[in-house]
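In: sequence plus predicted model, see below.
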Amino acid sequence: MKKVAVISAILEEPELCQNSFNSIVSEFKGIIRGRMGIPFEEGQIGVVALTVVGSLDEINSLTGKLGNIPHISVKTAVSKKEI
């Protein structure tokens with residue numbers, strides 16, 4: 001069974017971390033249903049929200065890899081209901 005999750009990420013110093021972020025996200029393209037990114041040029045911060053549908057292992061793997069990139073903070077909300 002799969003769960004729906006929203007992964008939010010704040011990229012501080014995006015010029016230093018966005019390539020690593022995008023590389024990892026592309027590894028998980030099979031579970032990503034949507035992506036929204038908002039750049040804040042005045043603060044050199046980027047905010048990205050990913051909507052994913054996958055097993056808890058897949059969601060945790062993606063979240064863990066993103067959270068290990070320097071200058072990135074990640075939080076995840078997971079549905080209680082399975083689809």
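Out: Great, that's in hand.

In: backbone dihedrals for Lys29, please?
Out: Lys29 adopts backbone torsions of phi -60, psi -20, taken as degrees, to the nearest 10.

In: any idea how far it lies from Glu41?
Out: Lys29 is 27 Å from Glu41, where distance means CB to CB, to the nearest Å. Using the backbone N, CA and C atoms, a C-beta is placed for each residue, glycine as well.

In: repeat for Gly67
Out: Gly67 is 24 Å from Glu41, where distance means CB to CB.

In: do Leu16 as well
Out: 15 Å.

In: have a look at Gly67 and Glu41 and say which one is more surrounded.
Out: Gly67 (14 against 8; other CB atoms under 10 Å).

In: in the sheet, who's paired with the closest residue to the more buried one other than its chain neighbours?
Out: The spatially closest residue to Gly67, leaving aside those adjacent along the chain, is Val74, at 4.3 Å (CB to CB, 6 or more residues apart in numbering). Listed beta-bridge partners, Val74: Ala9 (assigned using DSSP bridges).
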